[in-house]
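Asker: Provided below are the primary sequence and the corresponding predicted coordinates.
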Amino acid sequence: MLALSLAGCVNVVGADVPTTTVSTTPPVQRPRLLDMTKVDPCALFTPEQQRAFGIDLPPTPDDSAVFQSKSCFLANEKGFEAIGFIAIPHSGVDRFSAGKVNADVRDLTVSGFPAKENVVRITIPDYPPTCDVVVDVAPGQVLNVTYKETVRSGPPVRDREYVCRRAKEAAEAAISTLMNKK
């Protein structure tokens, strides 16, 4: 019986043997794996980080209906700015790639992790820009960080470059918090 079970493992060289292909796609490089399964998005910013971003309202926990994951909204009432965190343990970063989202997509690196920057295409006049930075923290898991100017009367004060820079900074701060917890 042992001989029969090993027979399937023998590699025979011959004309009729199919060749195997080797993937040329490099493996995803991450500093380490960060599991989003039990992450509390409202705990991703320390009080010091909240102050650094001017957060002056308490975090608001929620559930993202779109991503079916826990989320948290933090706001700066004085500056009309907001940050959102969604810990997504069941969707990979490829879901946020060009052609799969209604956004302008750019590849980034956030604290050594691969990421996507998504700027939602909105054509409503005077609607402030929103930028998402989606960090590939583990196979099939991401941290989605949104930064935006909240709606107020008049034209937006912040531009795309500003909200995307702040989204990346917020993502770096959240990743730092996660890496220090584990």
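Answerer: Perfect, thanks for sending it.

Asker: Only C-alpha atoms from now on, for both contacts and neighbour counts.
Answerer: OK.

Asker: Sketch out the low-pLDDT regions of the chain for me.
Answerer: 1-26, 151-152, 182 (pLDDT under 70).

Asker: list the helices and strands the helix ranked longest in it packs on?
Answerer: For the chain, the helix that runs over the most residues, judged by DSSP state H, is helix 160-181. If you count contacts as 3 or more C-alpha pairs under 8 Å, 6 or more residues apart in numbering; DSSP states H and E, helix 160-181 packs onto strand 103-110, strand 113-120, strand 130-138, strand 141-149.

Asker: one more time with 7 Å
Answerer: With contacts taken as 3 or more C-alpha pairs under 7 Å, 6 or more residues apart in numbering; DSSP states H and E, helix 160-181 sits against strand 130-138, strand 141-149.

Asker: so which of these gets nearest P61?
Answerer: For the helices and strands packed on helix 160-181, proximity to P61 was assessed by C-alpha to C-alpha; strand 141-149 is nearest, at 14.1 Å.

Asker: Residues contacting the closest one, please?
Answerer: With contact meaning C-alpha atoms under 7 Å, 6 or more residues apart in numbering, strand 141-149 is reached by 36, 80-93, 128-137, 158, 163, 166-167, 171.

Asker: Compute the distance between E169 and Y127, please.
Answerer: Going from E169 to Y127 by C-alpha to C-alpha, to the nearest Å gives 22 Å.
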